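[1] sequence and predicted structure below; questions after.
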Amino acid sequence: MARTRKPIAAAPLEAHLGFWLRFVSNHVSQRFQKQLEARDVTVTEWVALRTLLDQEESSHASLITALGMTKGAASKVMSRLEQKGLAERLAVDGRAQALRLTQAGKRLLPQLAALADANDEHFFAHLPEADRATLMALMQGLVQHHQLKEIPTA
């Protein structure tokens, strides 16, 4: 006698808030990534450059912490930025290194920041300002509640 299989109960993808967050996030990120690539910069490099902007000089350790990356991964990012002439390493006391933006990096950063602002406008300008503020607060609240630390770089 053939057994009849009971259908598996599963909510549709669209029933999950995580699905919609990922759906929007992927599109926002992919558009920004393409715009950065046109400037020969990756998203990870953008995050590193933006992080370095906040400090005149940064230690390798503080950049690793800010980016949430391993020492090796952060070192590779810095090497790429050095090769592009956007950042430089300075010997401080023998082994320790300070990192800073070069003049070329300081000139490029406002252009990249404008791309980030324009990307936000592209996706969120249709929302009333109050809704944008609410959405920002909700996302920040989730980050705080779950103690999320790793900065998205990919």
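    Cool, got the structure.
[2] so for the closest residue to S62 other than its chain neighbours, what's the pLDDT?
    Spatial nearest neighbour of S62, chain neighbours left out: Q55 (7.5 Å); criterion: C-beta to C-beta, 6 or more residues apart in numbering. C-beta here means a position set from N, CA and C on the backbone, and glycine is covered the same way. For Q55, the pLDDT comes out at 76.
[3] how about the one 4 residues further on?
    Note on S59: pLDDT of 78.
[4] isn't L112 right up against L36?
    Yes - using C-beta atoms under 8 Å, L112 makes contact with L36 at a distance of 6.7 Å.
[5] next one: stretch 47-67 to chain centre, how far?
    13 Å (C-alpha atoms, centre = their mean, to the nearest Å).
[6] now do stretch 70-79
    15 Å.
[7] so which residues make contact with that stretch?
    Contacts with stretch 70-79, where a contact means C-beta atoms under 8 Å, 6 or more residues apart in numbering, come from 44-45, 48, 60, 63-64, 67, 69, 87, 89, 99.
[8] next, the buried residues of that stretch.
    Under the neighbour-count criterion of 16 or more other C-beta atoms under 10 Å, stretch 70-79 has 74-75, 77-78 buried.
[9] go through those and say which is closest to D131.
    D131 has its nearest neighbour among these in V77, at 34.7 Å by C-beta to C-beta.
[10] ok, the closest one to R132 distance?
    Per C-beta to C-beta, to the nearest Å, V77 is found 30 Å from R132.
[11] that older thread, quick check on the residue nearest to S62: phi, psi?
    phi -140, psi 140 (degrees, to the nearest 10).
[12] now L86
    phi -100, psi -20.
[13] let's number from 504 now, not from 1
    Let's use 504 as the start, then, which means that last one is L589.
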